[in-house]
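S.K.: Mind folding the following:
(one chain, ligands or ions: 1)
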Amino acid sequence: MYRPDLIRNICIIAHIDHGKTTLVDRILEITNTVDKRKMRDQYLDMMDIERERGITIKAQPVKVMYTAEDGNTYEINIIDTPGHVDFSYEVGRSMAACEGAVLLVDATQGVEAQTVAHTYLAIEHDLEIIPVINKIDLPNANIEETALEIKDLLGVKDEEILLVSAKEGTGVRELLEAIVKRVPPPKGDINGKLKALIFDAKYDNYKGVIVHIRLFDGQVKPGDRIMTFSNKKVYEVQEVGVFLPEMTPVDALSAGEVGYVIAGIKEVGDARVGDTITSADDPVEEPLPGYREIKPMVFAGMFPGLPEYYEELRKALEKLKLNDSALYFEPTMSPALGFGFRCGFLGPLHMDVVRERIEREFDLAVILTAPNVRYKVVLRNGEELEITDPSKFPEEGEILEVYEPYVDLSIITPTDYIGPLINLVQNEKRGELRATENAGRNRVILRFDAPLSEIIYDFFDKMKAVSRGYASMDYEFKEYRKSDLVKVTILVNKEPVDALSFVVHRSKAYPVAKKMVEKLKELIPRHQFQIPIQAKAGGRIIARADIKALRKDVLAKCYGGDVTRKMKLLEKQKEGKKRLREIGRVTIPQEAFLALLKIGEGDEK
Ligand SMILES: Nc1nc2c(ncn2[C@@H]2O[C@H](COP(=O)(O)OP(=O)(O)OP(=O)(O)O)[C@@H](O)[C@H]2O)c(=O)[nH]1
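M.R.: Below you'll find the model as predicted:
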């Protein structure tokens, strides 16, 4: 029977390692959702990488049935939220699918900055927030202090904060009671026109795209003709169902419910997060608010470790793309690295995840070049270009104007670190402070305008370093701004290496070029001859470092020059142990192609 008053839709806000997965595991057990025999730890974290790195990009939603003290059996849908700034848009969309949020704080760690950003987002979405202190079983749990911080953040009373040990199960039942009592049931009209929010989409080899939805109004069932609002594509529904957490078909999904739809959608790119699904025959006029097209913001070259693996790399990228609508790639050719792909990502973490999946799931070693943003260039001849590959950046004489993307950068920090953070953003990263807002006792939000290109390198680590790990950041694309940018070309042994070129603000061209050649000097091994490394901008050499020649006797041991040794090296390269590239007569290791990312290392101390 359809009882929307017995539905509760929630998400869990938690900093990494505060115990979200463990809590969900306990809830699954208490509600007998998962057969004890099948129960394994971290049930919902499906991907290996997510488990190992502790970053859940997004886990499956799950529906549990909980019989409360009032005798009613409630349906509680728990929707996961990704935990990194690259995916902040998706966090917002997941929250839009809920009426409540559990704020989970580790009693030994206290409220961390990342949690604050998500809590604000939950408040913006009008979610009922239930604060929970976890890990109370630990001897070093500091419940009082943690409660103070939570009260600071939310303005709640002591008695509203729940105490839980997700590990031992203490307090989990009380939490389920609180969810049922405090989180409002979904509103919505089952007789209204179909209006559903897409909050995730996954590709399945057998079933095609599985669209995760939250219904706001109306109903959807097999045989219905549905339409995605943004691109007006029409599909016939084949199956609808719920997550138990295995996908389980049902006759229909109705207003207020969470579930999935399978409708012959071929790629996840056609079921975009944040988009509205409606009826093709009787569509709503207005979609749900908040939809945005996700565009790649960060680009890098990806090349197979060995040329013969080009096809395999293409297949791997195609496979990943099926499940990742934000991933973009097109073939490219680099004189230095051969055939490969120019790839686009949401941000630096997304890039890392893709690279790791390719290496691990497809067993392919790849060479990835330093990331860059999308530049807009107006040439003197009037032509307008969009450049995502620094080696294709036009020569200075041809350029009339250049524009680069700026972001709204917000950093939440305890007041102690305001000075160092402003210094970092303004003096090192070309940002501008726009506003400072109070964010509760001893905490502020600093709002900056900053060039995206400065944020994608070592910014995150530096921010953490100057704030002792306490600051957290979020950014969103703002606009393109005119800028004074130059291309720096790197020559190794007098030959330009296209994959090492980069674009930089003129004011930084010299210092960055100098650090870059010094870094390359460290990263490229010695050869039997001296190797000059030069940086060239605007037609002249602006920095140089030399790698000294090896002495002959040493050389005999290391580089015998015989073919089998070289073959062995190439074998190793396949294993991803040591990826080397011959440029002219010089062997360049994979690391060197990321030299630009490493030039800031060791600056702090
Ligand atoms: N002692 C104790 N340990 C806990 C408790 N809850 C979680 N842990 C441990 O804390 C660690 C992190 O827990 P997870 O559940 O993986 O944390 P998470 O928030 O899901 O982490 P991510 O998926 O990485 O964001 C694990 O080693 C858990 O065993 C608890 O109540 N008490």
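S.K.: hey, let's count contacts and neighbours off CA atoms from now on
M.R.: OK.
S.K.: so, in contact with the ligand or not, stretch 5-13?
M.R.: No - applying Cα under 6 Å from any ligand atom, one finds stretch 5-13 out of contact with the ligand, separated by at least 8.8 Å.
S.K.: Mean confidence (pLDDT) on that stretch, please.
M.R.: Stretch 5-13 comes out with an average pLDDT of 96.
S.K.: got the buried residues for that stretch?
M.R.: 6-13 (16 or more other Cα atoms under 10 Å).
S.K.: For the longest helix anywhere in the chain, which helices and strands make contact with it?
M.R.: Once the chain is assigned using DSSP state H, the helix that runs over the most residues is helix 506-523. Contacts defined by 3 or more Cα pairs under 8 Å, 6 or more residues apart in numbering; DSSP states H and E place helix 506-523 against strand 485-492, strand 531-537, strand 540-547, helix 595-598.
S.K.: what residues are up against the residue nearest the centre of the chain?
M.R.: The residue lying closest to the centre of the chain (Cα atoms, centre = their mean) is residue 86, at 3.6 Å. The contact partners of residue 86, taken as Cα atoms under 8 Å, 6 or more residues apart in numbering, are 346-350.
S.K.: tell me which of those is nearest to the ligand?
M.R.: residue 349 (14.7 Å; Cα to the nearest ligand atom).
S.K.: Please identify which helix or strand holds the closest one.
M.R.: helix 348-361 (DSSP states H and E).
S.K.: So which elements touch that helix?
M.R.: By 3+ Cα pairs under 8 Å, 6+ apart, helix 348-361 packs against helix 48-53, helix 310-323, strand 366-368.
S.K.: Of those, which is nearest the ligand?
M.R.: Using Cα to the nearest ligand atom, the nearest of these to the ligand is helix 48-53, at 6.9 Å.
S.K.: what's downstream of the closest one, the next helix or strand?
M.R.: Next element after helix 48-53 (DSSP H and E): strand 62-67.
S.K.: quick one: strands adjacent to that following strand?
M.R.: Its sheet considered, strand 62-67 pairs with strand 73-79 (antiparallel) by DSSP bridges.
S.K.: list the buried ones in the strand it pairs with?
M.R.: 74-79.
S.K.: where does the stretch 351-500 of the chain have low pLDDT?
M.R.: 439-441 (pLDDT under 70).
S.K.: Do a quick rundown of the helices in it.
M.R.: 418-423, 452-455, 459-466 (DSSP state H, counting those that start in this stretch).
S.K.: closest to the ligand out of the ones you listed?
M.R.: It's helix 459-466; of these, that one is closest to the ligand (Cα to the nearest ligand atom) at 18.0 Å.
S.K.: got the angle between that closest one and helix 348-361?
M.R.: 110 degrees (axes from the mean of the first three to the mean of the last three Cα atoms, to 10 degrees).
S.K.: Measure how far helix 459-466 is from the centre of its chain, please.
M.R.: 17 Å (Cα atoms, centre = their mean, to the nearest Å).
S.K.: got it, and stretch 214-225?
M.R.: 30 Å.
S.K.: ok, back up a step: list the buried ones in the helix holding residue 349?
M.R.: Quick answer for helix 348-361 (16+ other Cα under 10 Å): 348, 350-351, 353-359.
S.K.: quick one: which of these is nearest the ligand?
M.R.: residue 353 (14.6 Å).
S.K.: Around the ligand, which positions in the chain sit nearby?
M.R.: Counting by Cα under 6 Å from any ligand atom, the residues of the chain near the ligand are 14, 16-22, 54-56, 134-135, 137-138, 165-167.
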